[in-house]
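Novice: Sequence isn't available, so here's the structure alone:
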């Protein structure tokens, strides 16, 4: 039997009194947690020892990456796309930040907005949008079309990967209601409870009903708090073609469907949009080496970043949520880091390094001569 660090935060979570849900989350006593090289087990009252879904090797690597990144608060959670099994549940800080709706969702929330627009037929991948401004805030003047030619244009299919605030803010303020966004957010894990077999806290979503409130919320400006399980579940759902597959930590059930969050056509379009992030969007530099070559030779990665600065105490929140391979997904990953305004790494770097550990050296191009990583 291999010695392995017990996860106190996860232990506290799983022994808590579960909130009402159907089916009801199971309480687990992790005081007698044991690890082998390939499995983790916990004691359940009146049931004896039960295996957990956590992967010891991947759990250890995730904890190493969190320690190296050294955020004040941070978390990594990883799931098997096909089954919903949680493979990694790693947290750093004063609480279990996998299960705690601690951080604002920031631009990761644009996944909800994009899904809602696509589901309602308001846009396609090719819909061309133009904009000017909106990088740091959304103001009333931003919702009015610019009187002259706007300086930047792109297909809507590129707006998610490039995280263009004003495209999402304008479209949502004109085409969607706050209720539309709230309903889709609940289906994707950004509002309310994520379907999982252990007790976790519900995400908090606050979007004002007026057009400016809808615009700001749709772009991800301080619209509530979410745990890393929310973005994980959203990516897990897209990777499953729009089907909501229940997540599980207890290794005792088969794959369980929880209905649909979107059509298969919408999921396919979102997958294409999310690949833009690592190919030419906000994570292109992180997923390429110093010579401009892709880090992953044979594995495409779909994902979404998010960054937002603020709060008390002041934090720079960074997110990466995604899945890989993009064409035939195996795992979904969600990383949240809360740093000072100076930091060692952002969430997309930690996610990349975890994916390297998961897929192994055969999927990764040589790092020789790559130069300094972008921060």
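Specialist: Nice, thanks for sending it over. Quantities reported herein were computed from a predicted structural model and do not represent experimental measurements.

Novice: Got the confidence number for residue 135?
Specialist: We have a pLDDT of 89 for residue 135.

Novice: Ok, residue 4 next?
Specialist: What the model reports as pLDDT for residue 4 is 47.

Novice: likewise the one 3 residues further on?
Specialist: pLDDT, the model's per-residue confidence, is 59 for residue 7.

Novice: Check residue 32 too.
Specialist: Looking at residue 32, its pLDDT reads 49.

Novice: The one 5 residues further on too?
Specialist: According to the per-residue confidence, residue 37 scores 74 in pLDDT.

Novice: lowest-confidence helix or strand of this structure?
Specialist: When the helices and strands of the chain are scored by mean pLDDT, DSSP states H and E, strand 29-35 comes last with a mean of 56.

Novice: right, and the helix or strand after that one?
Specialist: Proceeding N to C from strand 29-35, the next assigned helix or strand is strand 40-44, under DSSP states H and E.

Novice: Tell me the helices and strands packed up against the following helix or strand past that next one.
Specialist: Next along the chain after strand 40-44, taking DSSP H and E as the criterion, comes strand 48-52. Packing partners of strand 48-52 (3 or more Cβ pairs under 8 Å, 6 or more residues apart in numbering; DSSP states H and E): strand 40-44. (C-beta placed from N, C-alpha, C; glycine too.)

Novice: The strand it packs on - what's its average pLDDT?
Specialist: The average pLDDT within strand 40-44 is 73.

Novice: Show me what that strand is packed against.
Specialist: By 3+ Cβ pairs under 8 Å, 6+ apart, strand 40-44 packs against strand 29-35, strand 48-52.

Novice: mind listing what's buried in the last one?
Specialist: Pointing back at strand 48-52 there. Within strand 48-52, the residues that count as buried by 16 or more other Cβ atoms under 10 Å are residue 52.

Novice: And the strands in the stretch 201-350 of the chain?
Specialist: Listed in chain order, the strands of the stretch 201-350 of the chain (DSSP state E, counting those that start in this stretch) span residues 204-205, 224-225, 243-245, 257-260, 302-310, 315-324, 331-339.

Novice: With respect to burial, which of those strands scores highest?
Specialist: Neighbour counts (mean count of other Cβ atoms under 10 Å) averaged over each of the strands of the stretch 201-350 of the chain peak at strand 331-339, with a mean of 28.

Novice: quick one: it to chain centroid distance?
Specialist: Put simply, strand 331-339 sits 6 Å off its chain's centre (Cα atoms, centre = their mean, to the nearest Å).

Novice: Compute the inter-axis angle for it and strand 315-324.
Specialist: Counting by axes from the mean of the first three to the mean of the last three Cα atoms, to 10 degrees, strand 331-339 lies at 170 degrees to strand 315-324.

Novice: ok, strand 331-339: who's next to it in the sheet?
Specialist: strand 73-80 (antiparallel), strand 315-324 (antiparallel) (DSSP bridges).

Novice: In TSV, list the ones you listed along with distance to residue 130 and mean pLDDT.
Specialist: Below are the strands paired with strand 331-339 laid out as TSV (distance: least, Cβ to Cβ, whole Å; pLDDT from 0 to 100):
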stretch	distance to residue 130	mean pLDDT
strand 73-80	37	97
strand 315-324	27	98
